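K.L.:
Okay, sequence plus prediction incoming.
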Amino acid sequence: MSVLPFPSFLDDIKEKGIKKAIFEGVDNIVERVTAGMNIQDIREALRGETPTRRPNPRLQPHADGFWLHMRPSFFHKDMTGLYPTLRLGWLSTYMVAFETITGMILMVWYTPSPQVAYGNMVNMLANVPLGQLMRDLHRLGAEGMVLIVTLHMLRTFFTGSYKKPRQFTWFTGVILLFATLFLSFSGYLLPWDQLSLWAVTIGASMIEATPPEIVGTNLNLLIRGGPEMGANGLLRFYLLHVLLVPAVLFIFTGVHYYKVIVHGHSLPPKSENIGEDTAKRVPLDKRVYFIPDMLTSEVMWIAISTLVMVVLCIWFYHAPLENHADSQITPIGTTAPWYFLWIQGALKLGDKVLWGVIFPGVYLAFLAVVPYIDSTKSRRFADRRVALTVCFLLMSFTTILSYMGLSEYGVAASADTKIIHEMTKEPAYNKMGLLLPIPFDRLVPGAYTTVQFEGDAPDSAAINFNAEIEENGLRAELTSQLSKVHLASNYQTLPFVAVPDNAPELHRALEEFYELLETNHEELYNAWGVVIVTQNQEGLKRVDVLISWDEVQLDTGRVIKGEDGLPILVLDAEGNTTRRWSVGHVFVHENSAYFEN
Amino acid sequence: MFQTGRMLFERIENRVLVSIIAFVSIMVLVGWVAINENARMASFSRQYNARAIERGAALFANNCTTCHGADGLGGAGVAPGLNNPQFFGHDFIAATRKELNSLNKQLTDLGVEKGDLATELTALDAELTSDGLTDARKAEIDAREVEIATRLAEIEVDLVDPTRTARIAELEAEKQAFADSVITAIDAGYNVEQPARTDILKWGGTQEDLIITTLIHGRPTSGSYWPAAMPAWSQRAGASMRDDQLEDVAAYILNFDKGDGWTVEDLLAVKQFGKIPGEGGPAVEITPIGTDVTAILTAVTDGSIVGDPVNGQALYESRSLGCSGCHYAGGSGPIYDGIYERIVTERLSLPQFAGYTAEHYIVESIVEPGAYTVEGYAGMTANFGERLDLQNLADIIEYIKASDPSYVAPTQPEAPATDVEATPAP
């Protein structure tokens, strides 16, 4: 008899006693939440026992619940190990979830506007606890996802899993590859630093090259929101990055996985006869049930993958942040993101439209239709020599193109510019100018010259150098060069000395400077370099680097040599050699801690 | 390892164990990172600020040194020094000033009290002569008047307290001695009574705000008291610098501050102190020469006007024209020494100056400086046509010619037409 006008939990207590009533109540809730498994069922599953209830409660969550409705209730034992899948498809999906979660956290701190975006990054690093870790995780996840998705595609190719009936699954996979590449690429712009701006500018200018001109111009305007990357472009990339492309990615992840389930995970080629597809016919002894085996396996993989990401981001990887984006300063050695280097390399082969637009377009289109071209039945290596050869050729070709995409390859710059850059460049791609990592107190003020390395007596070499430049009139020119770069006048005429003993790092940097000049001695004929360290403010030093050389005749960056094998000098109307100068400078603050990097 | 069908950690309890260990490790690691976050963030901020100073230094070197000097000490008559104790409000005689002010305040307070008591006394006297005063009230007034008289006598003594008088004289002497020791700074615009730039400007914000607001808007009015107005630098004001760059420049300028470490030598090194905005402008009406080079050249060379090199030197070095603020060794203009020789031997030999006389070149360089800029130097302000009259121009031409060792001064007419006072006063 109920104390209330309807049956209630109180009645249960009266009837069964409090302990039993609570247990049954909780059990009931658990069974509802799991859509079919009560506490006893879960306990049995986790103990690896066979289910005692009939019908099998472990199949209920697949039938009745939302979360597992697309997951098969059992898998074929032959594809539950590392081989043949290497867990790459699963890892790709994990990365989607991982990037979504970390991305949503980062969105809290981010405003897509050129005025504040970079400040947001600095704020995230300077004032947000765990901000750096989140940013590192998201960025590493983005790079990792590109890598994993690509490897997943290669694996699918090697095991021939794209073959009938899975052609369309492959096709959606190529769409997912596009989405992944574009997500990673659009995320590149968001920090609004020099790396972002210029990497994306390179990418966007390829879009501009799309023929015919009217299409390219308008596509470019559409994506950049103007002729140059600015506020509109940043907002568009942001919206693409957080809304449109993720939407495409989520939908096609669904389609892709649905197709995987519909056709079953393709088995290792050797476990089937040629032309057979037995993925959906899993014998009873080959069944591995999702609950509990695959579920615990996936939880374990989530734990391990996340742990690996966290460990990498604590000790081995930090997301780069360079100086604020500046459309007026093109950094030397700008490259596209590594996964687009192959396009940048292709661009060096010739025509922008052919190699920058048509070639990548055809390449990717070819990938998309591979299953329809290669319609042979056998998935075994021995029967697929042509396909595998083409694959390896493409891989080698892409690798070579990627190498060609590096700034080290085929970008013409004069030797003096390169050397000055080598000495003074700000940190980028984990490299920095030779002068920056010198500890602040070892950057001893003074004027030094590479001439000190010519011969065995640095001190007298420096003294002689002073006399020499006074004599040949180069001192006045040197002073004028330093004046042009606004070095305070009292420092323009410092006498040159040998690097003191208490500055070993500076000595090493100057020596490397000397070696760089020596390596380029043909283009930089009769060259010497100077490094002038001056105290600019308390805790701030200025380092000027200057190269002086006799100009030689060049032909598209190569030195023209005379019959005697020596470079031909450029002479003025009176037959005198032409002295050329190249200058650069960098400021170093005592707290900049470049040397700790 | 790649055995088909074999899971990583085949037994379920091993998978559960590995999961638990991995999850706990993640929590421990993230917790460990979180504990260290304050230190990491502080270290990042310190490093970021240091690099902001470096970037600011580069921007300053490229954009600001032309007027403010490579060492930030300013240019005489051109732009104020920023590497400057006055700019950061350092008072070298703070203790003296504080004590002096307190002693003077005592004197003022005594004077005020004396005045108040005298007023009260007059009122009491008036009340005494009035009708219907009760005896009790009369006695009260008498007592109060005695009290007041006693206090007034005390005040009289206190006002001439020899100890205080001597101390005030001593402190005044100290202040004067300091003023005498920084006479060159005072010439350059330093005011001993107002040692902080922010006080002069009645600036209520921080030093950084002052720098940034000046960078954003420039000093549009300053053309009347400097040769050139400071331009606006911010993209917000239509110029080139982004907000983060303004912050970098401000960080660099703020790094000039030595706090308590400023020395009198630092003060004396400053070539120019800031002026009060709006101060200056032409005090004496002049007839501007304009920018018609040919007409001006004819007027100064037809013999009707004779230049005076002495007055020319005074003008050249005056802070109102500010020539020497740029034309010094290492400055943004060619140095005065040997300037005439360089004009004759180097400039006039250039093809574009074929047919020029030295006077023609000088006049053109002053009234139309954009026509030709010597390589390696900054361009010059083009407003001297508005700031000179013919006599001043002739004087300056004479002074430039006087840089030549073989120079002979022309015979002066009996009464010089103008003198230094006739130039725009600071």
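P.N.:
In hand now; what should we look at? Source: prediction; values computed, not measured.
K.L.:
Does A:Glu518 belong to a helix, a strand or coil?
P.N.:
Recorded secondary structure, A:Glu518: helix (DSSP: H, G, I helix; E, B strand; the rest coil).
K.L.:
any idea how far A:Ala527 is from it?
P.N.:
The gap separating A:Glu518 from A:Ala527 is 9 Å, by CB to CB, to the nearest Å. To be clear about C-beta, it is placed using only N, CA and C from the backbone, and glycine gets the same treatment.
K.L.:
which of these two has more neighbours?
P.N.:
A:Ala527 (22 against 13; other CB atoms under 10 Å in any protein chain shown).
K.L.:
Verify the stated contact: that one with A:Val552.
P.N.:
No: A:Ala527 is not in contact with A:Val552 according to CB atoms under 8 Å; the separation is 10.4 Å.
K.L.:
how about the residues of the stretch 401-550 of chain A near chain B?
P.N.:
A:480, A:483-490, A:492, A:536-540, A:542 (CB under 8 Å from any CB of the partner chain).
K.L.:
Of those, select the buried ones using a PyMOL command.
P.N.:
Listed next is the PyMOL selection for buried residues among these, using 16 or more other CB atoms under 10 Å in any protein chain shown:
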select buried, chain A and resi 483+485+486+487+488+489+492+536+537+540+542
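K.L.:
Identify, from the residues of the stretch 401-550 of chain A next to chain B, the entry nearest to chain B.
P.N.:
Taking CB to the nearest CB as the measure, A:Ser489 is the one of these closest to chain B, at 1.9 Å.
K.L.:
tell me what the longest strand along chain A is packed against?
P.N.:
Taking DSSP state E as the criterion, chain A has its longest strand at strand A:525-537. Under the contact criterion of 3 or more CB pairs under 8 Å, 6 or more residues apart in numbering or on different chains; DSSP states H and E, strand A:525-537 touches strand A:446-449, helix A:504-519, strand A:540-550, helix B:37-63.
K.L.:
got the angle for that strand vs helix B:37-63?
P.N.:
Here strand A:525-537 points in a direction 120 degrees away from that of helix B:37-63 (axes from the mean of the first three to the mean of the last three CA atoms, to 10 degrees).
K.L.:
in strand A:525-537, what's buried?
P.N.:
For strand A:525-537, burial by neighbour count (16+ other CB under 10 Å) applies to A:525, A:527-534, A:536-537.
K.L.:
check which helix or strand covers residue 32.
P.N.:
If you meant another chain, say so; for now it's chain A. helix A:18-33 (DSSP states H and E).
K.L.:
hmm, I had chain B in mind actually
P.N.:
helix B:12-35.
K.L.:
Give me the helices and strands touching that helix, please.
P.N.:
helix A:39-47, helix A:295-311.
K.L.:
Residues touching the worst-scoring helix or strand of chain B on mean pLDDT, excluding its own?
P.N.:
Within chain B, no helix or strand scores below helix B:323-326, which has a mean of 80 by mean pLDDT, DSSP states H and E. Contact partners of helix B:323-326, identified using CB atoms under 8 Å, 6 or more residues apart in numbering or on different chains, comprise B:66-67, B:75-79, B:227, B:271-272, B:315-317, B:319, B:331-333, B:336, B:378, B:380, B:396.
K.L.:
and the angle from the helix holding A:Arg32 to helix A:39-47?
P.N.:
Using the same axes, to 10 degrees: helix A:18-33 against helix A:39-47 is 70 degrees.
K.L.:
Secondary structure class of the most centrally placed residue in chain B, three-state.
P.N.:
With distances taken as CA atoms, centre = their mean, B:Gly274 lies nearest the centre of chain B, 2.8 Å away. Three-state call for B:Gly274 (three-state DSSP): coil.
K.L.:
packing partners for whichever strand or helix holds B:Leu393?
P.N.:
Using DSSP H and E, B:Leu393 falls within helix B:390-401. For helix B:390-401, the packing partners by 3+ CB pairs under 8 Å, 6+ apart come out as helix B:293-301, helix B:309-317, helix B:339-342, helix B:358-367.
K.L.:
Centre of the chain to that helix, how far?
P.N.:
Mean-position distance between helix B:390-401 and its chain equals 30 Å (CA atoms, centre = their mean, to the nearest Å).
K.L.:
who touches that helix?
P.N.:
Outside helix B:390-401, the residues that touch it by CB under 8 Å, 6+ apart are B:286-287, B:289, B:296, B:299-300, B:305-309, B:311-313, B:315-316, B:323, B:336, B:339-340, B:343, B:358-359, B:362-363, B:366, B:388, B:407, B:409-410, B:417-418, B:422-423.
K.L.:
Need the single longest helix in chain A, by residues.
P.N.:
When chain A is parsed with DSSP state H, its longest helix is helix A:131-158.
K.L.:
quick check: mean pLDDT across the helix or strand just after that one?
P.N.:
The C-terminal neighbour of helix A:131-158 among helices and strands, as given by DSSP H and E, is helix A:167-189. The average pLDDT for helix A:167-189 rounds to 95.
K.L.:
Report the inter-axis angle for helix A:167-189 versus helix A:131-158.
P.N.:
150 degrees.
K.L.:
so what does helix A:167-189 touch, helix or strand wise?
P.N.:
Contacts defined by 3+ CB pairs under 8 Å, 6+ apart place helix A:167-189 against helix A:88-107, helix A:131-158, helix A:194-208, helix A:231-239, helix A:245-263, helix A:359-373.
K.L.:
ok and the fourth one relative to helix A:245-263, angle-wise?
P.N.:
The reference is to helix A:231-239. Taking the same axes, to 10 degrees, one finds that helix A:231-239 is oriented at 30 degrees with respect to helix A:245-263.
K.L.:
What residues of helix A:231-239 count as buried?
P.N.:
For helix A:231-239, by 16+ other CB under 10 Å, it's A:233-234, A:236-238.
K.L.:
between those residues, which is nearest chain B?
P.N.:
Looking across those and measuring by CB to the nearest CB, the closest to chain B is A:Leu234, at 13.8 Å.
K.L.:
Distance from the chain centre to stretch B:205-217, please.
P.N.:
Counting by CA atoms, centre = their mean, stretch B:205-217 comes out at 13 Å from the chain centroid.
K.L.:
Could you tell me the average pLDDT over it, please?
P.N.:
Mean per-residue pLDDT for stretch B:205-217: 93.
K.L.:
next one: stretch A:68-76
P.N.:
92.
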